[in-house]
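from the sequence below, what's the structure:
(one chain, ligands or ions: 2)
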Amino acid sequence: MQIKAPRGTCDILPSDAAKWNAVETIMREKAALFGFHEVRTPIFEHTELFQRGVGETTDIVSKEMYTFDDRGGRSITLRPEGTASCVRSFVEHSLFSGALPVKWFYMGPMFRYDRPQAGRFRQFHQFGVEAFGSNSPYLDAEVITLMVEIVQALGIETYELHLNSVGCPTCRQHYREKLIEFLKPMEKQLCKDCQERLYKNPLRVLDCKVPTCQEAIQGFPVMADYLCDACRIHYTAVQEALAINQIRYIQDHQLVRGLDYYTNTAFEILLPDLGAQSAVGGGGRYNGLIQEIGGPNMPGIGFALGIERLLLAREASGTAMETEKSLDVFVALQRADYRSIALEIVNELRKKQFSADKDYQDRSMKAQMKYAGKIGARVVLIIGDEEVVSGQFTLRNMGTGEQVRVGKNEMVQTLNEMLHAR
Ligand SMILES: [Zn+2]
Ligand SMILES: [Zn+2]
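Ligands and ions are numbered 1, 2, ... in the order given. Next comes the predicted model:
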């Protein structure tokens, strides 16, 4: 029986890899411009890290993790997101006692057992940044600006930045009580999940997508009205810095992150063109997380972007034009006997930084030319009887059909001219 890739995974074939590389390059370059450095953490971690770092009550931890016991009987989980691992690494290497803030970015596959749909996979890819050790609102603005600039640099013009503050544990507690008081009379109208959330995690009722819940919460009290002085000053400073950076945003009172270690700034990027589930990334402050994972009481902030969904949006906006890099030179030989001459030439070309390949199937000259056309080779170098006798090789420009004969000494020069003419 034929084996297929597991549901919710996909192959990135060479024809798509160029688009991935382009996106990843833009992300790396932007992050570097903002002073972020790459970190690579393991793809699997102890399950407990995500239980603590993502939160047991979240859908991710309660329903979507790939968790298994390894052969040593340890509970292992394929990372469902990047922040917990970064924090673990930051704490494990005691970087909190070095120069602060520490600014990291990461990129790679994440795993969630979710219902696959357009742009959503069980193995999916994220780019994210984390900044540890500073509570400056200007750092919030900087992180948000980086996220927006990446989306812009990808050529995606239609996006919305949503912004909110979820306060600190103190003012949020007060807000929580007000919210429960407000929602209580509507309890019966809420979906089953929200009825459960109502007392455990009422803020999460606000971001429930079920229409009856959206209806029930009409006129809900907003966090912005309950922020304590420190949180309000922080939020105002973030907004002022965003204005200086010329980043436009929508104040979104329903944007909440329901866990205690999330504090102050919360943000999300939406791509309306992608339809209902249009969030492509988001993040916020998590001043309680580093301590939650066993580190000192130290602030942090970060975001993550979903690469698959950004690729979809780029495709839709017509900016994803990258194609596979084609072969510079294909060496075609008239007789199998010329194999060693062909090998020498291929080796020589590769040393000179031209991508080069040759026939391996002992095909006819005609079949070799056809193959070279199919793989998109830009120049074919022909080794025929005449060429071997004269020591002059024929170079055929596959784009124009033009042919020239050159000796070995002029080969590099001529190839450079042909390849860079376009
Ligand atoms: Zn507060
Ligand atoms: Zn609901």
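
so which bits of the stretch 1-150 of the chain are right by ligand 1?
Counting by CB under 5 Å from the ion, none of the residues of the stretch 1-150 of the chain come close to ligand 1. (Glycine included, C-beta is placed from N, CA and C.)

tell me where the stretch 1-150 of the chain has helices.
14-33, 47-50, 59-63, 83-92, 137-153 (DSSP state H, counting those that start in this stretch).

nearest to ligand 2, out of the ones you listed?
helix 59-63 (12.2 Å; CB to the ion).

rewinding a little: lowest-confidence stretch among the helices of the stretch 1-150 of the chain?
Sorting the helices of the stretch 1-150 of the chain by mean pLDDT places helix 59-63 lowest, at a mean of 89.

would you turn the helices of the stretch 1-150 of the chain into TSV with mean neighbour count and distance to residue 284?
Formatted as TSV, the helices of the stretch 1-150 of the chain follow (neighbours: other CB atoms under 10 Å; distance: least, CB to CB, whole Å):
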stretch	mean neighbour count	distance to residue 284
helix 14-33	16	18
helix 47-50	18	18
helix 59-63	15	15
helix 83-92	22	10
helix 137-153	21	8
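
of all these, which lies closest to residue 344?
Among the helices of the stretch 1-150 of the chain, helix 14-33 comes nearest to residue 344, with 27.8 Å by CB to CB.

low-confidence ranges in this protein?
For the chain, the stretches flagged by pLDDT under 70 are 258, 276-277, 422.

that one against ligand 2: which residues are in contact?
Taking CB under 5 Å from the ion as the criterion, the chain approaches ligand 2 at residues 191, 194, 208, 210, 213.

if we can go back for a sec, any chance of the helices of the stretch 1-150 of the chain in TSV, plus distance to residue 8?
Output for these, formatted as TSV (distance: least, CB to CB, whole Å):
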stretch	distance to residue 8
helix 14-33	17
helix 47-50	19
helix 59-63	14
helix 83-92	21
helix 137-153	25
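
ok, which of these comes nearest residue 365?
Among those, helix 14-33 comes nearest to residue 365, with 26.7 Å by CB to CB.

pull the number of nearby residues for the nearest residue to residue 8 once chain neighbours are set aside.
Excluding the flanking residues, the one nearest residue 8 by CB to CB, 6 or more residues apart in numbering is residue 122, at 2.9 Å. Using other CB atoms under 10 Å, residue 122 has 19 neighbouring residues.

residue 122 contacts residue 115, correct?
No. Using CB atoms under 8 Å, residue 122 is not in contact with residue 115, being 9.3 Å away.

list the contacts of the residue nearest to residue 8.
Going by CB atoms under 8 Å, 6 or more residues apart in numbering, residue 122 touches 6, 7, 8, 9, 66, 111, 112, 113, 114, 116.

restricted to buried residues, select those in ChimeraX.
The ChimeraX selection below is limited to those of those classed as buried (16 or more other CB atoms under 10 Å):
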select :8,66,111,112,113,114
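
what's the most distant pair in the contacts of residue 122?
So, these by CB to CB: farthest apart are 66 and 116, at 14.0 Å.
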